[in-house]
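> Predicted model, plus sequence, below.
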Amino acid sequence: MVVSTEAATDHGSLVARLGSRHPLAFLRNGDGLVGLGEQLRLEFSGPTRFTDAAAAWRTLSDGAVVDDSVGLPGTGLVAFGSFAFADSSAASSVLIVPSVILGRREGVSWITRIGTAPAAEPPGRPFSVAFEPGALSPEGYKAAVAEAVSHITSGSPRKAVLARDVVAGIPADADLRLPLARLAEAYPDTYAFAVAGLLGASPETLVRSSGGTVSARVLAGSAARGGDATADATAASTLSASRKDVEEHSFAIRSVLDALTPLSTDLTARPPYALRLPNLWHLASDVTGTLRGGSSALDLVAALHPTAAVAGSPTDAALDLISELEPFDRGRYAGPVGWVDAHGDGEWAIALRCAQVDGESVTAYAGAGIVAGSDPARELAETALKLRPIVEAFAPQAG
């Protein structure tokens, strides 16, 4: 594979440069990477999907001929990736190498050519969809939460993350750049992503590897924003003092530190703080460390998934309970999504606030962390808050 990267004039809106039905993107605050066309697709499945992907990527990278005059993380040979949440999922995990990659970071723009870019597509017609309950209704979700609390109070697991789904029909020719652009505009501080029909705006960094440094942002525990400045400040302080949410957050931090320790040194975790997003508050902690030699972003992804933030703790017991109580395959919801380059650098988020588009159907998911003090009605309300970004991105547009 022959790869050439060179500096470019500013690309303007990266979302606008995408294809309409099969966009490839990983963006934050307008910067990041978008892919045009598809030069190579690698698919993986089962319990070895991460290690198989890491091995295949090393082989591909070692054999590539790369001319890179820019030399930043994300230049040269890059693959966009998205992995299934569960070992048993029927959904394929993918690494996709685009034909052309457009990138921008800290004021520097570049273009990477691996093949021939497809022709530019004009904007599609506006469309809207209306979501309805999927395999797990709101009442069914509350019953599942109550059942999970019963298991947790009996001692296993200590925490489980339960999700529910909503579904809708979508036009066969729907321009997926439209909801992606709405997500990127409304939630600029999140990772706006699109890979193999999965698109969303995730607030949670799974892991970032850049020049030997590893970092992650852990989110667990949430609360709705207040209606005014006083109520908003009260919501943030109440969240920070919530025993239930602090406990949930501690499980998530511990799972990340335990997973990263074999692959990195000098790990530190910032004390939890309230992270403000447009529609809710999250308890957040930032983790940083130094990557041990020879490890890539895909190795880190393999070690971290699934974190307690999207599965629970202990992991095996939480996954068993999720399998028992969720009547659907999560697919690539709550799995890793991001990119990796030939040097092993990369950025990966957890696929949250997202929807999977398959043909003329779209399915969105949202979950909540269930611990001993969880209230089913409150957890249902939390999932509604987390579904809001996707529902609004696909919703009827004024005018």
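Yep, that arrived.

> Report the beta-bridge partners for Glu347.
Note on Glu347: beta-bridge partners Arg208, Trp339, judged by DSSP bridges.

> Could you check the pLDDT of it?
Glu347 carries a pLDDT value of 95.

> do the same with Gly124
Looking at Gly124, the pLDDT reads 89.

> hang on, it packs against Ala174?
Yes - if you go by CB atoms under 8 Å, Gly124 and Ala174 touch, sitting 7.0 Å apart. No exception for glycine: its C-beta is placed from N, CA and C like everyone else's.

> So which of the two has more stuff around it?
Neighbour count, other CB atoms under 10 Å: between Gly124 and Ala174, Ala174 has more, with 22 against 15.

> list the contacts for the nearest residue to the more buried one once chain neighbours are set aside?
Leaving aside its sequence neighbours, Ala174 sits nearest to Phe127 (CB to CB, 6 or more residues apart in numbering; 5.2 Å). Going by CB atoms under 8 Å, 6 or more residues apart in numbering, Phe127 touches 170-171, 174-175, 178.

> Disregarding flanking residues, what is the spatial nearest neighbour of Phe367?
Actually, residue 367 is Gly. It isn't Phe. Spatial nearest neighbour of Gly367, excluding adjacent residues (CB to CB, 6+ apart): Ala163 at 3.4 Å.

> Also Leu239?
Ala223 (4.2 Å).

> In three-state terms, label the one you found for me.
strand (DSSP: H, G, I helix; E, B strand; the rest coil).

> Check the burial of it by counting its neighbours.
So Ala223, with other CB under 10 Å, has 22 neighbours.

> where exactly do the helices run in this protein?
Using DSSP state H, the helices found in the chain span residues 49-63, 138-153, 177-186, 229-241, 243-260, 297-304, 315-325, 376-394.

> Is Trp281 bridged to anything, and to what?
Taking DSSP bridges as the rule, Trp281 bridges to Ala223, Arg276.

> Is it in contact with Tyr273, as I believe?
No - contact criterion CB under 8 Å: Trp281 and Tyr273 do not qualify, at 10.1 Å.

> ok, those two, which is more surrounded?
Higher neighbour count among Trp281 and Tyr273: Trp281, with 23 against 13, using other CB under 10 Å.

> for the more buried one, what are its contacts?
By CB under 8 Å, 6+ apart, the neighbours of Trp281 are 222-225, 235-236, 239, 274-275.

> if we take those, which one ends up nearest to Ala381?
Within those, the smallest distance to Ala381 is 7.7 Å, found for Ala224 (CB to CB).

> What is the neighbour count of that closest one?
Other residues near Ala224 come to 16 when the count uses other CB under 10 Å.

> for it, what are its contacts?
So Ala224 contacts 235, 279-281, 381, 385 (CB under 8 Å, 6+ apart).

> One more: Ala317?
So Ala317 contacts 156-157, 160 (CB under 8 Å, 6+ apart).

> same thing with Gly63?
Counting by CB under 8 Å, 6+ apart, Gly63 has contacts Met1.

> now Leu219
Contacts for Leu219 (CB under 8 Å, 6+ apart) come out as 203-204, 252, 275, 282-284, 309.

> Arrange those residues in JSON lines, one row each, with neighbour count, pLDDT and distance to Ala84 as further columns.
Putting the contacts of Leu219 into JSON lines (neighbours: other CB atoms under 10 Å; pLDDT from 0 to 100; distance: CB to CB, whole Å) gives the following:
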{"residue": "Pro203", "neighbour count": "23", "pLDDT": "85", "distance to Ala84": "21"}
{"residue": "Glu204", "neighbour count": "24", "pLDDT": "82", "distance to Ala84": "17"}
{"residue": "Ala252", "neighbour count": "28", "pLDDT": "78", "distance to Ala84": "21"}
{"residue": "Leu275", "neighbour count": "20", "pLDDT": "81", "distance to Ala84": "27"}
{"residue": "His282", "neighbour count": "23", "pLDDT": "79", "distance to Ala84": "25"}
{"residue": "Leu283", "neighbour count": "25", "pLDDT": "80", "distance to Ala84": "27"}
{"residue": "Ala284", "neighbour count": "22", "pLDDT": "85", "distance to Ala84": "26"}
{"residue": "Ala309", "neighbour count": "28", "pLDDT": "83", "distance to Ala84": "17"}
